[in-house]
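K.L.:
From the sequence below, what's the structure:
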Amino acid sequence: MLHYVKEYLDATGITFSKWMVEVGAYHWEEGSRSKEFIDDGWNVLLVEPHPHLYIELSKKYSGNPNVTLLEYAVSDKSGMGTLFEGANGPTDGCHTMFPMKKRYGIEGIKEIKVVTKTLTEIFDKLNIPKDLAFLSIDTEGMDLEVLLGLDLETYKPRLVLSENTSFNSHLEALREKLTHPQSRGCATHRLRPDWQKKSIKGSLDSDVKNQRKHRLLVSNNYVSVGGGIEGRPETYIDSVYVIKK
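P.N.:
So this is what the prediction gives:
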């Protein structure tokens, strides 16, 4: 990931501060987009709302002066919100504030009350450089809200990586998990009879959000330079945007 980001930034020729922000940090190693940057000595801000994952990240990085860790859910407004835990419990990578339980036919999902903050509020308080090099967002369907909470006229991340999630495909995969005899931690989860109809609605909603996210970035002087990371399932397509020089 570090080489990937450097390659894009070098190609643009634009100046940047060696800061990386990962919204939805999840785990310090598995699926981490920030680990290479931390190992390379960059300043890194990690934001993770799930209490268990936050504790695990704290254990790893509490003694690292280059790493700042916050236990918030990033959104388009500050306050309180509900985090829906992934089907396999705290270590699941699909925790989200996207209301799948109520709207897309999934029952038995644990709800966790979390504090929400906007990126603008966080950046202002921490004096994050306005020309930070890399903003990574992976919030399982809430990336648009994360960007709506960032003042893109003030803060200009040089590279933005965001996940476009197809919730119809996501729920198909979840259905397979729930019916598989070796599935872990899913005994209390059930899909309502109308789950498929609701998942189609969810897929349409997420597609609209993906389009809005694209328009938001393009209107703020970003250009799409493709996406996709080798080895990632088709359900998750990572979109890459670079600021114009």
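K.L.:
Okay, the residue lying closest to residue 119 once chain neighbours are set aside and residue 13: tell me how far apart.
P.N.:
In space, residue 119 comes closest to residue 150 once its chain neighbours are excluded; the distance is 4.0 Å by Cβ to Cβ, 6 or more residues apart in numbering. C-beta: built from backbone N, CA, C; applies to glycine. Distance of residue 150 to residue 13, given as Cβ to Cβ, to the nearest Å: 24 Å.
K.L.:
More neighbours: which of the two?
P.N.:
Under the criterion of other Cβ atoms under 10 Å, the comparison of residue 150 against residue 13 puts residue 150 first, with 25 against 7.
K.L.:
The more buried one looks like it's in a strand, true?
P.N.:
No. With DSSP: H, G, I helix; E, B strand; the rest coil as the criterion, residue 150 is assigned coil and is not in a strand.
K.L.:
Next, the contact list for it, please.
P.N.:
Applying Cβ atoms under 8 Å, 6 or more residues apart in numbering, one finds that residue 150 lies in contact with 118, 119, 120, 123.
K.L.:
The third one: which element?
P.N.:
Residue 120 belongs to helix 119-126 when assigned by DSSP states H and E.
K.L.:
Show me what counts as buried in that helix.
P.N.:
Residues 119, 120, 121, 122, 123 are the ones in helix 119-126 that count as buried (16 or more other Cβ atoms under 10 Å).
K.L.:
got a markdown table for those residues, with pLDDT and distance to residue 146 too?
P.N.:
Formatted as a markdown table, the buried residues of helix 119-126 follow (pLDDT from 0 to 100; distance: Cβ to Cβ, whole Å):
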| residue | pLDDT | distance to residue 146 |
| --- | --- | --- |
| 119 | 98 | 6 |
| 120 | 98 | 11 |
| 121 | 98 | 12 |
| 122 | 98 | 11 |
| 123 | 98 | 12 |
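K.L.:
May I see those residues organised as TSV, with distance to residue 217 added?
P.N.:
As requested, these are exported to TSV (distance: Cβ to Cβ, whole Å):
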residue	distance to residue 217
119	14
120	16
121	20
122	19
123	17
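K.L.:
And these, which is closest to residue 136?
P.N.:
Checking the buried residues of helix 119-126 against residue 136 by Cβ to Cβ gives residue 119 as the nearest, at 12.0 Å.
K.L.:
didn't that closest one look like it was pressed against residue 145?
P.N.:
No. Counting by Cβ atoms under 8 Å, residue 145 is not a contact partner of residue 119; they are 10.2 Å apart.
K.L.:
Please identify every residue contacting each of those two.
P.N.:
Applying Cβ under 8 Å, 6+ apart, one finds that residue 119 and residue 145 are jointly contacted by residue 74.
K.L.:
quick one: contacts for residue 162?
P.N.:
With contact set as Cβ under 8 Å, 6+ apart, residue 162 has these partners: 137, 138, 143, 147, 213, 238, 239, 241.
K.L.:
Any chance of JSON lines for the residues you listed, columns distance to residue 59, neighbour count and secondary structure?
P.N.:
As requested, these are arranged in JSON lines below (distance: Cβ to Cβ, whole Å; neighbours: other Cβ atoms under 10 Å; DSSP: H, G, I helix; E, B strand; the rest coil):
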{"residue": "137", "distance to residue 59": "24", "neighbour count": "27", "secondary structure": "strand"}
{"residue": "138", "distance to residue 59": "21", "neighbour count": "21", "secondary structure": "coil"}
{"residue": "143", "distance to residue 59": "27", "neighbour count": "26", "secondary structure": "helix"}
{"residue": "147", "distance to residue 59": "30", "neighbour count": "23", "secondary structure": "helix"}
{"residue": "213", "distance to residue 59": "33", "neighbour count": "22", "secondary structure": "helix"}
{"residue": "238", "distance to residue 59": "28", "neighbour count": "17", "secondary structure": "strand"}
{"residue": "239", "distance to residue 59": "32", "neighbour count": "20", "secondary structure": "strand"}
{"residue": "241", "distance to residue 59": "33", "neighbour count": "26", "secondary structure": "strand"}
